[in-house]
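In: mind looking at a prediction? Sequence and model below.
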Amino acid sequence: MGTATLKKTFSHGIHPPEHKAATVESAITPLPFPPGLVIPLSQHTGAPARPIVEPKQEVARGDKIAEAGGFVSVPMHAPAKSTVAKIGLALTPSGAMTPAIFLKVDLESEQEPPPEADSAASNALTPEELVAAVQETGMVGLGGAAFPTHVKMLVPKGKRVDTVVVNGCECEPYLTTDHRVMLEASEDLFTGVRIALRATQAGCAIIGIETNKPDAIKALAKAAESDSRIRVAPVKTKYPQGAEKMLIKALLKREVPSGGLPIDVNAAVFNVATLAQLGRLLPRKQGLIERVVTVTGPGVERPGNYLVPLGTPVQFLLDHAGMKDTARQVILGGPMMGVAIASLEIPVTKGVSGILVLTDKELAQRPTKVYPCIRCGQCIQACPMFLNPSRLGLLSRKEQYAVMEERYHLNDCFECGCCAYVCPSNIPLVQYMRIAKAVNRERKTAK
Amino acid sequence: MNPDSFAFIFLQACLINNFVLSMFLGICPFLGVSGKFQTASRMGLAVIFVMLVSSTCAFWINELLEMLDAEYLRLICYIAVIASAVQLVEMFIKKFSPALFKALGIFLPLITTNCAILGLALFQTQRAYNFVQCLAFALGAGVGFTIALVIMAGLREELDLADVPSVVKGAALTLVLAGILSLAFMGFAGIGT
Amino acid sequence: MDPVALFTAGGLMLGLGLILSSVLAAANKKLHVFEDPRIDQVEEMLPGANCGACGEAGCRAFAEALVAGRVSPAQCPANEPQNIEAIAHLLGIDAGAQHKRVARLACAGGNNVAASSATYRGVATCRAATLIGGGGKSCAWGCLGFGDCMAVCPFDAIVMNRNALPIVDEDKCTACGACVDACPKNLFSLHPVDHRLWVACKNELRGAEVRRACAVACIGCGLCAKDAAEGLIAIENSLARIDYDKNELASLEAIQRCPTGAIVWLDKEKGPILGEKAIGALAERKAG
Amino acid sequence: MTQETPQVELRTSPHLQRPIRTDAIMRNVVYALIPVAAFSIYAFGLSALLLIATSTASCLLTEFLVRRLSKVENTAGDWSAVVTGILFALTLPPGLPLWIAAVGGVICIVLGKLLFGGLGYNPFNPALVGRAFLQAAFTVPMTRWAAAFAPGRFVQAIPSTLALPFMQAPEFDAWSGATPLAMWKFQQTATDMKDVMSAFMGTIEGSAGETSALVILICGAYLAVRKMMDWRIPAGMLGSVFVFSGVFYLINNANPNPLFMLCSGGLMLGAVFMATDMVTSPTTPVGVWIFGVLTGFLTVLIRLYGALPEGVMYAILLGNALTPIINALTQPKIYGAKKAKAKVEQTQ
Amino acid sequence: MAEKNLPESLDTFVKGLWRENPVFVMLLGMCPVLAVSNTVKNCIAMGLCASFVLIMSSTLVSLFRKHIPKQVRIATFIIIIATFVTIVDYVLKAISKELSDALGAFVPLIVVNCIILGRAEAYASKHNVVKSFIDAVGMGVGFTFALLCLGVVRETLGMGTIWGIPVFGANFERWSILVTAPGGFFTLGAWLLVFSWVRERGRTKAKGGAA
Amino acid sequence: MNAEAKAVPAGHIEAPSSLRMIATLGLVAMSSGFLIVSVYQLTKERIAHNERRALEKAIFEVLPDAVDRASFAVEENGFRRLEADEPFVETVYAGYGDNGALVGVAIEAKGQGYQDVIRVLYGYSPSKQCLTGMKVLQCTDTPGLGDRIREPEFRANFEGLDVRLTEDGARLLHEIETVKGGGKAKAGSTDGVSQATPDWRIDGVSGATISSRAVGDMVNASAQRMLPLIVAHLDQLKAKT
Ligand SMILES: Cc1cc2nc3c(=O)[nH]c(=O)nc-3n(C[C@H](O)[C@H](O)[C@H](O)COP(=O)(O)O)c2cc1C
Ligand SMILES: Cc1cc2nc3c(=O)[nH]c(=O)nc-3n(C[C@H](O)[C@H](O)[C@H](O)COP(=O)(O)O)c2cc1C
Ligand SMILES: Cc1cc2nc3c(=O)[nH]c(=O)nc-3n(C[C@H](O)[C@H](O)[C@H](O)COP(=O)(O)O)c2cc1C
Ligand SMILES: Cc1cc2nc3c(=O)[nH]c(=O)nc-3n(C[C@H](O)[C@H](O)[C@H](O)CO)c2cc1C
Ligand code: SF4
Ligand code: SF4
Ligand code: SF4
Ligand code: SF4
Ligand code: FES
């Protein structure tokens, strides 16, 4: 099927500058192995993985080193031939210390090549077996939330998926991983889409791509012609078009109910990189051991898209890409939703799609002076969830967290940052939302 | 508009000579119960109700006293009857809607001993309103009181989220707000003439 | 004086009085809701801080619970002893034993001794900072020093010291637990005042890793455990842990050889007392 | 143990931001007000100039001093006091004694703004609080209108302008005029298209800034295009005035015609610059329309049926008073709201 | 803390004047305070009337406090108060028509003045006659004091006079807002602000002194 | 100790007997009735005297030549002599000079002012066919503004105000008009100052146009109705019956 002509989208949202030019042309290049890798056992949503290796044990590339800690959990695989140095605590982007497996990479010997694909075997699996196989790959959403992919593929009893939505929007400024993946791994992507279709037993798949990636739209639309179940839909370039709720609204005109999941409107959403990886790994019975990361920003000398072994410390990656002296802020993810990290020892994990380095100059352009909310209503007109960030911010300042949840739908905020982006008073609205959510969560568990 | 008409008496009592904002009647509950929007609107309803009750009571008491040539007992009869009527209402609410009672708290008795209620009775007598006019007056006064109360509650709830200087917080703030509201209500002067 | 008027007035008022009181009397019977008058009396004897330290939703609720016999008067830590007595007397019950408890902070890493790895910019509260990369302190467990605990303490028992570390005033603290809930790093806990031997660190890393982050952290060396009475101190997760069931065995001995000063003796008058070795090490650090 | 090398910074996402700050918005409002002020000076001469200067200085100085005395961060630099000062001056009759304007400036800032916590927290439009206060305090000087385009206006101030502080101003028969609305109200003069045109172009009497509807509209358009002002409020307010006064005009054509209603008095200035004060108007999309229509309706009501010839100020202040309630009742329906639940929430 | 050393009766009295001033601290009886405080003369008349009622009813309530059943307590109090108010109303009318016209309905409205009922309820019904009397006098004086605070400001600025005598000369531009409704609110608000500012300063000073 | 403490609640739970409640309240109410009626009787005379004096003062103010007065109730066709003033009855007051002759009639008029109702009393001299004065009885309009209708400058407008009737005596020859401050001098008489020239215009108070216009309008409305009636039944008033 061809592309639809009408530009689909959702209401509200913002148009931040894209900043994608620096890396959009750079093909994915593999990064060399660092001397040490850190594999946190909890780099996905859900239960942490359980280590199945001992210190000093030697592991081969692709070996499973930790098993899933439950159904909503995934195993970990060794990204390189190495020795287990220790199982200890490692710093995460959130600032907490969590258990991790520390690997000392065997830099001397050759790393084994990945096994050959066995499409026939994988094609023969039933949906249930397929879900189990997906779990074994250790796949999680590469779009950012790192939610175990197999969980989304398992359709619960009484529910139905009619459409698989493939998220190729990449609406975050600066990032180009999904864009490159769509261009360079379209074969794998289509394999992945078919796996998703089979696992969910959905009738069709729509690949939503923002109009600022015409080459990807063209390439995939052409490739999609061979499979009538799959089609490509251009969607308007607008942030946060890639948020699954927005994409579902744009493509299917359905609204995921408040507090609900895509499955409640018969859809399942997967990121293109997720499906491309899956299409590559599953037929090979391989685990997820590397991912594409956009390293970019004014603080980087050689921006580009790198294929990075999971567990590589950010420091190593930035050394490789060249970090300028003026660099002052390192962000995992894109500028809208990414988290600034306090230490470069933090490793690249499954959910990291980009590393953005900002310099003194950009920080100076964002003074920290905060004005009071002047109730301009800009945030209200930006919030894609139709919340009232102005009111939420004011309430949070006065610590009325319960009111925020009960009356102002705090929990529907997915922290896209549109509100804070437009706020002329420089109010850290997203931070206020996070504080409120954290306190409410704590209070609930305390009860 | 005819100054003796139902509509004019209503408008006059409700907006132009608003009991709270330009006649200074019922300031205590106005200051006390205008903190929360929900409470204020319920209190407003209670006041409208009590006003209708007491206006009716007062009208017939006055008729009776004039018949007996005992106008000098007017004040005491008004207050006694109104107070008991309201106390009855209060007991009633306490019994049948503890939640409402809790929300209005100690202010239910305040409605009884409230300038607005007695003022209503005294003014209607002074102006020699007939029964229908009394009802219009009571309704207007009650609605006017409720409007003022509800607006004030809205403003105060909003200001709970503001950085009001600590010396202003509390009654001073409410009075300043009432002053500005009263200024704004001046705009209604003369409507209907 | 006109006797007719006199008669009218007297009669009218009598009638009025009679009617009113009859109606009220009837209503009183039909509509009365009983509320124990003692609740009001008890409430008047409570401090009215509505701090919730008693575990009830405010003083009124506590008064109701007292009258209902669900709690004992001494459970309100903020009350004056004579009032507690008075309440007990009024209700004819025992005042209940009250152990003085206070809030204790498990961190000594003020900004003079603990390193920071990043500069945090944003809402200036510990809660907010924690959510962004942990707040930028090198030690992931350490106190951030924005004083959420101070702000939340209803009794002004906490002040931030020069090095942005909260100090609890034992006399003012009522163990209401507000700070325990407020601290996003979970550094506060409530302890009987006589728990004077104290480990002021939560860092679970070991040795050099810790020392990079903070000069007064517990490095898990185990010297205190060796010096203390048998079984009083154990090392768990690279941290000294005191078994307060054996609190009576505690003495100043345990802290003397601690190389960092992570284990201290909290003296009522003099405040935290460090071991000799730690004092030396810290002095050296200052000089160097 | 602070490191010598500059540390990385931790900030919250988003790490990108639109580069328009609140002070810039306020500054742009000042730019937009300059032509209005200039026209006013052109029409009323020296007196208008002195009036605007005095009131702006008074507002700014008050903000600065009060913040200084209360030992909090000084906010005088955020330009909002300047906006208040200029707008306040534009609502005053030229010829008003300067001391009254200065007192008014203090009232605007203290009573209208700082008592509530300053910028962003004031429930009522500060400039209008100031004006309403003066109107009630000094009604006579506040309802004495000077003639526009008086010869000699650039070399000589209207004598009353320079009255001694706290003293009554002399009458100024030689300079006096009457606003078209007051003429209609008190002299029962009819209004025709000629009046509409002169009100539109600004060749009439009135407050310093209520003269040329055209200039105000152009300046408002500038702000609306730069997204520093919500165009829906003036649209709602002006539209509602047009419709309601049209209805009353059709019922009884002794009432002024709707175009005259639109162009006369302070309506343009109020609708474009004062009802739009975002701090004191609703934030929700539906609420904004309700606010516009409501203030428009009140304006017509007061003008046609009230005791006073002009009602824009009172209409906006009443609208301000209702803003919290409007906001509460018009919370947007969120994405994915469950229908029944949404209803319950809205009534809260 | 000089107050601590005062004899108890004096303390009871002073308390009504300042520490528990019915208007400025307890925020009771605001209606007449706002309504009649536009001239000093009215303030004094109102203060006297209210004080008389307050003293008489407090004393009487205290006298009979043991004999009044709880359920008819309020009704009885109100009747007692209303009696004295009616008396005051007639006496005032007999003394001066102008004054009673100026105070208008606010004399009969003393009946519902929250201070009087409040004091009867909260104090007189629990204390002996002497204490209740002193308390009532204190409260009455405190009430009059509060009225005067407002009256002086409102009359001087609003009319340019005190007790009807011009103070600023003929050409004074009067702040007529002060004698109207908003002016009443603003003046009382301003006084409350002044008082809370004084109190706050006292508190910080006490803190500073202790530290 | 304990026993005593427990006794407290017990005492409270027991409800007082209804009889006692009724008795107490009845007794208190009755005593208060006696008290009030006594005070009422004692002050009645004095209050009536005050009211009468105030009324007379106002009447003599608007009828400067009068020394005595009589009240008449207004009825369908004519007047009825009132021995004592009755409330809620529309009344006019006839004023008599030294020699007992009718010098004028004082009439009350009321109407809506700026804030609330304004009540005025104005004097009418049937012989001179003009008004003789006006006094504001009640006005709650803005002090300092609307209140200025009480000032002598404004009141002077009514002294000698021309209220001639038409030939048939059915209405005023000229409606009483209120003109904007200073307008009277310009628009009215030719020489602008002469009191002798009959004028039916009232100078509004600048800054209180509404209140002053209201007074003008209410006097006009009242005069339109009352003056023809008075002229028609002048004998009744003259005869004091
Ligand atoms: C507890 C939980 C259960 C979930 N269950 C499902 C599911 O059954 N089906 C599904 O498609 N997605 C499921 N998800 C994934 C979410 O729909 C969503 O993809 C994930 O939270 C990340 O989305 P985001 O990146 O837009 O925030 C679940 C998520 C959570 C947190
Ligand atoms: C504000 C916001 C923006 C997002 N933008 C994108 C995006 O541009 N591309 C993307 O693939 N996922 C994006 N996501 C994540 C999607 O919601 C969704 O989780 C993801 O597409 C699910 O696929 P995955 O589980 O395979 O990652 C965004 C989420 C949010 C909350
Ligand atoms: C607060 C306020 C109070 C007013 N009070 C009165 C009043 O009592 N009486 C009155 O006639 N006009 C009153 N006005 C209206 C104006 O003073 C004035 O009458 C109107 O603007 C006409 O002015 P002019 O007399 O100069 O033509 C008041 C206006 C305001 C704003
Ligand atoms: C479009 C716009 C209109 C404004 N109008 C007013 C106004 O009418 N009066 C005023 O005092 N400030 C006005 N301001 C400035 C500012 O919002 C005002 O000072 C705040 O109300 C103070 O908190 C305006 C600002 C903007 C952006
Ligand atoms: S961060 Fe939350 S509140 Fe802000 S725009 Fe996004 S969803 Fe709305
Ligand atoms: S964008 Fe900022 S200033 Fe505007 S309403 Fe929202 S929070 Fe307030
Ligand atoms: S907050 Fe903490 S320090 Fe303060 S009283 Fe409560 S427990 Fe003690
Ligand atoms: S103890 Fe906790 S709450 Fe207190 S300053 Fe430290 S981190 Fe913040
Ligand atoms: S004095 Fe309290 S309501 Fe009027």
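Out: That came through fine. What you see is a predicted model, and the numbers here were worked out from it, not measured in a lab. Numbering: from 1, shown residues only, chains lettered A, B, ... in the order given. Ligands and ions are numbered 1, 2, ... in the order given.

In: can we go C-alpha only for contacts and neighbour counts from here?
Out: Fine.

In: which SS class is the residue lying farthest from the centre of chain B?
Out: The outermost residue of chain B relative to its centre, with distances by CA atoms, centre = their mean, is residue B:163 at 30.9 Å. Under DSSP: H, G, I helix; E, B strand; the rest coil, residue B:163 falls in the coil class.

In: enumerate every residue touching the residue lying closest to it once chain neighbours are set aside.
Out: In space, and not counting its chain neighbours, residue B:163 is closest to residue D:117: 4.7 Å by CA to CA, 6 or more residues apart in numbering or on different chains. Neighbouring residues of residue D:117 by CA atoms under 8 Å, 6 or more residues apart in numbering or on different chains: B:162, B:163, B:164, B:165.

In: phi first, then psi, for the residue nearest to the third one when sequence neighbours are not counted.
Out: Counting by CA to CA, 6+ apart, the nearest residue to residue B:164 once its immediate chain neighbours are dropped is residue D:117, at 4.3 Å. Reported as degrees, to the nearest 10, the phi and psi values for residue D:117 are phi 110, psi 0.

In: and what of residue D:75?
Out: Dihedral angles (degrees, to the nearest 10) for residue D:75: phi -110, psi 10.

In: number of nearby residues for it?
Out: 18 (other CA atoms under 10 Å in any protein chain shown).

In: and the gap between it and residue A:428?
Out: Here the criterion is CA to CA, to the nearest Å. By it, residue D:75 lies 19 Å from residue A:428.

In: over to residue D:332?
Out: 22 Å.

In: can you list the low-confidence ranges for chain E?
Out: E:1-7, E:206-211 (pLDDT under 70).

In: distance of the residue most central in space within it relative to residue E:136?
Out: Geometric centre of chain E, nearest residue: residue E:143, 1.9 Å, by CA atoms, centre = their mean. Applying CA to CA, the value for residue E:143 to residue E:136 is 10 Å.

In: give me the common contacts of those two.
Out: Contacts common to residue E:143 and residue E:136, judged by CA under 8 Å, 6+ apart, are residue E:51.

In: residues near residue D:56, how many?
Out: Residue D:56, neighbours per other CA under 10 Å, totals 24.

In: name the residues that touch the helix or strand in which residue E:53 is found?
Out: If you go by DSSP states H and E, residue E:53 is part of helix E:40-63. Contacts with helix E:40-63, where a contact means CA under 8 Å, 6+ apart, come from E:32, E:36-37, E:77, E:80-81, E:84-85, E:88, E:99, E:102-103, E:107, E:110, E:116, E:119-120, E:124-130, E:132-133, E:136-137, E:139-141, E:143-144, E:147-148, E:151-152, E:155, E:162-163.

In: after that helix, next one along is what?
Out: Criterion used, DSSP H and E; the element after helix E:40-63 is helix E:73-95.

In: so whatever helix or strand comes next after that following helix, near chain B or not?
Out: Moving toward the C-terminus from helix E:73-95, the next helix or strand (DSSP H and E) is helix E:97-103. No - shown here: helix E:97-103 not in contact with chain B (CA under 8 Å from any CA of the partner chain), separated by at least 12.6 Å.

In: buried ones in helix E:97-103?
Out: E:100, E:103 (16 or more other CA atoms under 10 Å in any protein chain shown).

In: from residue A:342, how far out is residue C:140?
Out: Taking CA to CA, one finds residue C:140 at 11 Å from residue A:342.

In: residue of chain C nearest ligand 3, please.
Out: residue C:9 (42.3 Å; CA to the nearest ligand atom).

In: how far off centre is the helix holding residue E:53?
Out: Distance, stretch centre to chain centre, for helix E:40-63: 9 Å (CA atoms, centre = their mean, to the nearest Å).

In: is ligand 9 contacted by it?
Out: No - between helix E:40-63 and ligand 9, judged by CA under 6 Å from any ligand atom, nothing touches; the nearest distance is 11.3 Å.

In: mind listing what's buried in that helix?
Out: Buried, per 16+ other CA under 10 Å, within helix E:40-63: E:40-63.

In: now do the same contact list for the residue in the stretch 151-300 of chain A that chain B sits nearest to.
Out: Per CA to the nearest CA, residue A:258 is where the stretch 151-300 of chain A lies closest to chain B, at 26.0 Å. Taking CA under 8 Å, 6+ apart as the criterion, residue A:258 is in contact with A:412, D:335, D:336, D:337, D:338.

In: are any of the residues you listed buried, and if so which?
Out: A:412, D:335, D:336, D:337.

In: who touches stretch E:119-134?
Out: E:9, E:12-13, E:55, E:57-63, E:65, E:74, E:77, E:136.

In: now with 6 Å?
Out: With CA atoms under 6 Å, 6 or more residues apart in numbering or on different chains as the test, stretch E:119-134 has contacts from E:13, E:58, E:59, E:62, E:63, E:65.

In: tally of neighbours for the first one?
Out: The reference is to residue E:13. 23.

In: I'd guessed it sits against residue E:136; true?
Out: No - with contact defined as CA atoms under 6 Å, residue E:13 does not count as touching residue E:136 (8.0 Å).

In: tell me how far residue C:192 lies from residue C:106.
Out: 15 Å.

In: checking residue A:350 next. Helix, strand or coil?
Out: Once three-state DSSP is applied, residue A:350 turns out coil.

In: what residues does chain E have near ligand 9?
Out: E:28, E:29, E:30, E:31, E:113, E:114.

In: now do the contacts for the fourth one.
Out: Meaning residue E:31. So residue E:31 contacts B:24, B:25, B:27 (CA under 6 Å, 6+ apart).

In: what sits against the second one?
Out: With contacts taken as CA under 6 Å, 6+ apart, residue B:25 has the following neighbours: B:19, B:115, B:116, E:31.

In: more neighbours, residue C:140 and residue A:342?
Out: Higher neighbour count among residue C:140 and residue A:342: residue A:342, with 32 against 24, using other CA under 10 Å.

In: just want the angle from the helix holding residue E:53 to helix E:73-95.
Out: 140 degrees (axes from the mean of the first three to the mean of the last three CA atoms, to 10 degrees).

In: can you tell me how far residue D:282 sits from residue D:334?
Out: 18 Å.
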